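Student: show me the folded form of this:
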Amino acid sequence: MVIRLLCLLLWAALPARADTLRLIVPDMRPVVGEMIPVTIRGEYTGPITLEKMTFPDSPAYDWTQVARDRWADERVDGKLFRIFERRVAVFPRQPGTLTIGPVTHHLTKAQGMTRNTVEVTAQPATWTVAPYPGSGRPLASSHVTVKDEFSTDPSRLGPSETFTRRITLTADGTMAHLLPPRPLIREPWLISFAAPEVRETRLTAQGPVAVAIWEWSMRPHTGEVGSLTPIQFPWFNTQIREMRGAVTLPVEIGIAGFGDNIGGTPGALRRVVMQGAAFALAGLVLGLIVALPGRALAPRRLTARLRGMLPNPKRRALRDAAKTGDLMALRGAAEAFIRAENRLGRNPDPAPLRALDEALFSGTPPGEFDRNDFLRRLTARRQAAKTFSHRDPA
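Tutor: Purely as a prediction, here's the structure:
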């Protein structure tokens, strides 16, 4: 009994636990533009009638509060406390040492009829920020999606028909002003009007989500078929700590029924002549094969061989794109070349296109990418498509 009494007296003599405030932060080395989640947690005693906390601004970072303040009663070490939590996302603007805080919470407590003002301060937190590994605006995200939508099929437009193109870029864990600027879409054969862009930061339970929406009204003013090259959005993947890229697909634009546009333009006339020559050559080969005694081929095999001999209409555009040094334009021309190869029944090697994507997304300077080797590998016919050593039985 005496021992219990002494323990109670000793416990009562101990000083009451003071109010505390601290920053709960992750152990990480962020890059410029990467979200740093910060939780400000306070543990307070006594009734609180008023409170005010201002998160400090700084030219070294952007920040936003991602959820409402949380107040709750919780027991800590067996004692009841009034708990305060505020969740903030911080985005460093520059490499080097980043310091956040100190942060002070101004409290007004009621004790009977009196009111006391208490200031509780959280010690600052510090990180070492790495440079952004890419170029342009620092877009660091855990997940990026790009959606490319059209009001109608742009490859089958009616005469003087206008269509709408909308690109929606969404990035988790970042803010809207960190998304890239509106892409430029300019072609001499295309009339384009841009609507005002939409940018917003949406707050979710997992953190902020940045959204940018760009919209254009477009109309080709010639009958010639045109192609819009893919649009690249480089970004730093915070999950795997590497640069990646979100890319739109190439867009074919043309008037339905007038894709070849033989209206007298030199380019169109050249295509018509080349196509006529190709079909004449195919007819000649067909006649020779049929005329050979005992060497007639099955119709399916004959068709495949004739298609394999036809030239790719996108080869010239591919070579022209390689001469410009613009890797994005080269990628769009390569996509069109591969689609044409597939329509001709040929199966080009996908490895060169993968190498081009790696150069684009890793930030390799255009001058360091071997465009001649890329052309050679992409335009090379596979052995099965160019070798006709097999003969049908006589």
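
Student: so residue 174: helix, strand or coil?
Tutor: coil (DSSP: H, G, I helix; E, B strand; the rest coil).

Student: what distance do you get for it to residue 205?
Tutor: Residue 174 sits 16 Å away from residue 205, going by C-beta to C-beta, to the nearest Å. All C-beta atoms are positioned from the backbone trio N, CA, C, and that covers glycine.

Student: swap in residue 110?
Tutor: Distance from residue 110 to residue 205, by C-beta to C-beta: 33 Å.

Student: of the two, who's got more company?
Tutor: Taking other C-beta atoms under 10 Å, residue 110 and residue 205 do not tie; residue 110 has more neighbours (13 against 7).

Student: right, and that one touches residue 47 too?
Tutor: Yes. Judged on C-beta atoms under 8 Å, residue 110 makes contact with residue 47 at a distance of 5.0 Å.

Student: what's the neighbour count on residue 84?
Tutor: With other C-beta under 10 Å as criterion, residue 84 counts 22.

Student: assumed it was part of a strand.
Tutor: Yes. Under three-state DSSP, residue 84 sits within a strand.

Student: how far away is it from residue 65?
Tutor: For residue 84, the distance to residue 65 - C-beta to C-beta - is 13 Å.

Student: partner strands of whichever strand or helix holds residue 90 and their direction?
Tutor: If you go by DSSP states H and E, residue 90 is part of strand 79-92. Using DSSP bridges, the strands paired with strand 79-92 are strand 36-44 (antiparallel), strand 61-65 (antiparallel), strand 70-76 (antiparallel).

Student: save the ones you listed as JSON lines, and put in distance to residue 192 too.
Tutor: Output for those, formatted as JSON lines (distance: least, C-beta to C-beta, whole Å):
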{"stretch": "strand 36-44", "distance to residue 192": "39"}
{"stretch": "strand 61-65", "distance to residue 192": "32"}
{"stretch": "strand 70-76", "distance to residue 192": "48"}
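
Student: output stretch 327-338 as CSV, restricted to C-alpha atoms.
Tutor: What follows is stretch 327-338, C-alpha atoms only, in CSV (Å, rounded to 0.1, in the frame of the first residue of the first chain):
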residue,chain,number,x,y,z
LEU,A,327,13.8,12.6,-84.1
MET,A,328,10.1,13.1,-83.4
ALA,A,329,9.5,13.8,-87.1
LEU,A,330,11.6,10.7,-87.9
ARG,A,331,9.5,8.6,-85.5
GLY,A,332,6.2,9.7,-87.2
ALA,A,333,7.6,8.9,-90.6
ALA,A,334,8.8,5.6,-89.4
GLU,A,335,5.3,4.7,-88.0
ALA,A,336,3.8,5.6,-91.4
PHE,A,337,6.5,3.5,-93.2
ILE,A,338,5.8,0.5,-90.9
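
Student: quick check: buried residues in that stretch?
Tutor: 327, 328, 329, 330, 331, 332, 333, 334, 335, 336, 337, 338 (16 or more other C-beta atoms under 10 Å).
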